[in-house]
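[1] what follows is a protein structure lacking sequence information:
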């Protein structure tokens, strides 16, 4: 782990270097400047190496962040010729007094919780099971599970649209139902969650498999010598050692679920019917790029940013506590 | 686990970055004065051999089939007539199922980088916003009022009287009405016959529609009727027609007060909701309903004639497409409104502005309307064409769909646009309330009243 401080050159080496290029007696008056310059040159390389990354970070992340914060106090429709009207905190007031924001936060919460089986439970089960398969079959299994991840979300959505068509779709034909999955308030969000789950489960399996590979098999062997059963080894050895990976997946799910669902929502339901699939990101997008209410979208963005920051720091703290490391 | 925290920050910053990366240029830029447009000076005629290239954005390029083929043909004909003007045709940016919903957002994103298309086809629902916020150029100033009127009069056949002023704002012409329809009741004659209904006597009231729909559902197992005016995706053009047919309005005549929670409107929504509850109307999205009807799985659909070509192609030899005027409510005349769009000019250089006008005159000419009417199904706005044996008469005689649409054109009312910069949120919000009542079973009166209260604050001057 990076500690955040650069390693200083040890004083011994400094002294040796200084002695080697000792300034001539006549140049004594320039010495303090020269020493300063040399010190700067010696300290510069790490910062120079960092500079490109820092510049990009400032240009692409921190500057837009600051601009968003600034924009959230204006009413503006993104057209350059139209003046930005300062409105104070009116955008925030509107967000907090109309039900749209609270509704979308609620829906996003449902999405996150409902995604956990696809990103935690299922992958762990699949990864543990496929671990017993050896050789080429294992690679084939993993490839099969990972395949949906390789399908572009929009292309996948188009196929799902046909599968879920209320009168001609195969899902209703098989189930013998007449449900319009994507256009009923009771089912639309669940359809989106199931499709997103299908899409990302393969990725999660891959992450868990990688985590399992990283666990030293000696622990399991030692436990076996002590007479532990396969189930006991999984419960008391493998899973605890897998906890950093699981914590990582949990964090990913909480922070990225809303983003994973976005392309599917945009293609399949456009946030409908009647806002039943309008998650926070879709709401943000609708404010910004459908209604072109830049101020309102910026205000919503600032609120979401603050919210996600809070959740992220909480989760990071919890995962620090829960994770066990193979130190 | 510390790096997670930075991952988290980066992730949540992404949405913000998305937004500001697109509009970063605008922040801090001082926009001129109070937003008043500078007076537009006249665009001079193009000199002989002067080469100009312009960009034309139309949602009719957004869907393969009848729409794109017809428009490509028109642009080809224009190039032959004006070899010095190169037209680049494009569809709006975005990936909505219905490309017509992407028009404004596409134009706005191009404007925000300072490069709007030169000619844009925009819906009548966007008229207020197009003129007052996006500053479409007034054609009366650009080429002169007499020239604009002369184009309406045409070489031989003038525009229908009701169509001429649809693109006007405060007495000035900003847009030339281009393609539109009135609400038409399309039906599947084969399903009618199987259900024991007479295709020669299509339903004329909503009660009859509900009855016929139930007969189709019972006898054929297919779905009955779909009214494509009741969802956010459908916009509000024919919802306004339904409401006007019942004596109501969605917004007061002076456009200062929302009136879509009045009893005349809730009655309409309740009647439509009853059709869904009785099984006469299936719960479908716009796209699902259009596809189902084209496939032959739906008995009737109230729709714009923009989709007539699609329906006729779907019907093919398998079933016969029938069409009737929009049904009314018992004892009240049906009041049709117009759908569709007009052509607006956003070009910045005088030469491009003049070339844009040349394109508009060509696209609204007798020749163009003959192509558009026969290939897509939109109304020939130069109605005289249908009596000319050399133009549309043979086609009109063989085409049973045109007559009811033309009759409705003579008595239609304009599709009223919502006012102010928040007009889309008002329109979409209203239609969302209608959708939740009709298709998701919410109580019409209370849903509409609550939504009206919420949206009234978004009207100009409505924010306290």
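    Structure's in. What do you need? None of the values given here were measured: they were computed from a predicted structure.
[2] secondary structure element for the residue of the stretch 201-327 of chain A found nearest chain B, which one?
    Closest contact between the stretch 201-327 of chain A and chain B, by CB to the nearest CB, is at residue A:312 (3.0 Å). The C-beta positions use only the backbone N, C-alpha and C, and glycine is treated the same way. Using DSSP states H and E, the element containing residue A:312 is helix A:294-322.
[3] the residue of the stretch 201-327 of chain A closest to chain B against residue A:255, yeah?
    Yes: contact criterion CB atoms under 8 Å: residue A:312 and residue A:255 qualify, at 6.2 Å.
[4] ok, back up a step: give me the buried positions along the helix holding residue A:312.
    Within helix A:294-322, the residues scored as buried using 16 or more other CB atoms under 10 Å in any protein chain shown are A:294-305, A:308, A:311-312, A:315-316, A:319.
[5] roughly how far apart are the nearest residue to residue B:217 once chain neighbours are set aside and chain A?
    Spatial nearest neighbour of residue B:217, excluding adjacent residues (CB to CB, 6 or more residues apart in numbering or on different chains): residue B:224 at 4.8 Å. Applying CB to the nearest CB, to the nearest Å, one obtains 12 Å for the distance of residue B:224 from chain A.
[6] now do residue B:359
    In terms of CB to the nearest CB, residue B:359 sits 24 Å off from chain A.
[7] give the contact list for the closest residue in space to that residue that isn't next to it in sequence.
    Counting by CB to CB, 6+ apart, the nearest residue to residue B:359 once its immediate chain neighbours are dropped is residue B:119, at 5.5 Å. By CB atoms under 8 Å, 6 or more residues apart in numbering or on different chains, residue B:119 lies in contact with B:54-57, B:343-347, B:356, B:359-360.
[8] ditto for residue A:307
    Counted by CB under 8 Å, 6+ apart, residue A:307 has contacts residue A:105.
[9] quick one: pLDDT of it?
    With respect to pLDDT, residue A:307 has a value of 89.
[10] go on, the one 10 residues further on?
    Per-residue confidence at residue A:317 stands at 86 (pLDDT).
[11] kindly report the same for residue A:37.
    At residue A:37, the model reports a pLDDT of 92.
[12] do residue A:128 as well
    If you check residue A:128, the pLDDT there is 88.
[13] any idea how far residue A:107 is from chain B?
    Applying CB to the nearest CB to residue A:107 and chain B gives a distance of 15 Å.
[14] could you measure from that residue over to residue A:278?
    From residue A:107 across to residue A:278, the span is 7 Å (CB to CB, to the nearest Å).
[15] also residue B:52?
    Distance, residue B:52 to residue A:278, using CB to CB: 44 Å.
[16] quick one, which of the two is more surrounded?
    Comparing residue B:52 with residue A:278 by other CB atoms under 10 Å in any protein chain shown, the one with more neighbours is residue A:278, at 23 against 20.
[17] make sure the more buried one is indeed in a helix.
    No: going by DSSP: H, G, I helix; E, B strand; the rest coil, the assignment for residue A:278 is coil, not a helix.
[18] and it, what does it touch?
    Counted by CB under 8 Å, 6+ apart, residue A:278 has contacts A:100, A:103-104, A:107, A:265, A:271-272, A:286.
[19] on the three-state scheme, the nearest residue to residue B:414 once chain neighbours are set aside is what?
    Leaving aside its chain neighbours, residue B:414 sits nearest to residue B:166 (5.6 Å; criterion: CB to CB, 6+ apart). Put simply, residue B:166 is coil when judged by three-state DSSP.
[20] how deep is residue B:166 tucked in, by neighbour count?
    24.
[21] got it, and the one 5 residues further on?
    Residues within reach of residue B:171, counting by other CB under 10 Å, total 8.
[22] and it, how far from chain A?
    In terms of CB to the nearest CB, residue B:171 sits 23 Å off from chain A.
[23] kindly report the same for residue B:394.
    Note on residue B:394: its distance to chain A, by CB to the nearest CB, is 37 Å.
[24] does that residue sit in a helix or strand, and which one?
    With DSSP H and E as the test, residue B:394 turns up in helix B:393-398.
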